[in-house]
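**Q** Model the structure of this input:
(one chain, ligands or ions: 2)
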Amino acid sequence: MAPNNAERTYIMVKPDGVQRGLVGNIIARFESRGFKLIALKLVHATPEHLELHYADLKGKPFFPGLIKYMASGPVVAMVWEGLDAVKTGRSMLGATNPLASAPGTIRGDFALAVGRNICHGSDSVENAEKEIKLWFPEGVVQYEHNQAAWIFE
Ligand code: IDP
Ligand code: MG
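**A** Residues are numbered from 1 along each chain as shown. Ligands and ions are numbered 1, 2, ... in the order given. Take a look at the predicted model:
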């Protein structure tokens, strides 16, 4: 199969990441890795919207606290495109629990607690497409990325 240079992932700086001034650092990591930014907005999401985003986790004991945390302030919603964007995005994030996140990852560099872990990233291509639709019903922005020939074979 031809490599999919146009795979997309949904990345979100969580309210703690915004409050702690980490938005620029997180964006810079995705930019310098070679991904193309195709959507971005600052949004203070409602609990109802966040319950849709985290629908798979409904019923977990931490679910109410997770929704409260995520609705406590604005988040930065983004879509990044590039080769293996979903898997590479997850590896840039690090493990869900910062106790296990390697130094050099976003969570491994900036977080200590699983309930304050700074950043979200889609865990599968299918979920990425669902999350992109949920957060960007208006669609993403298409444009030519002039660096592509230097990033992809
Ligand atoms: P992920 O964000 O790495 O994909 P998920 O299992 O999808 O991890 O969980 C979503 C989010 O819920 C986590 O990023 C974290 O903020 C929160 N979370 C997961 N497990 C726990 C927990 O045991 N206690 C508190 N919060 C949790
Ligand atoms: Mg998840």
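**Q** tell me the phi and psi of residue 119?
**A** When read as degrees, to the nearest 10, the backbone of residue 119 gives phi -150, psi 150.
**Q** Now do the same contact list for it.
**A** 11-14, 17, 26, 93, 106-107 (Cβ atoms under 8 Å, 6 or more residues apart in numbering). Placement of C-beta: from N, CA and C, glycine included.
**Q** where does residue 123 land in three-state SS?
**A** Three-state assignment for residue 123 (DSSP: H, G, I helix; E, B strand; the rest coil): coil.
**Q** which intervals of this protein have sub-threshold pLDDT?
**A** In the predicted model of the chain, residues 1-2 satisfy pLDDT under 70.
**Q** ok so, going back, next, check the contacts of residue 119 against the strands and list the overlap.
**A** Counting by DSSP state E, the part of these found in strands is 11-13.
**Q** Chain neighbours aside, what residue packs nearest to residue 6?
**A** Using Cβ to Cβ, 6 or more residues apart in numbering and skipping the chain neighbours, the partner closest in space to residue 6 is residue 81 (5.8 Å).
**Q** what do you get for residue 26?
**A** Nearest one to residue 26, counting by Cβ to Cβ, 6+ apart, is residue 13 at 5.4 Å.
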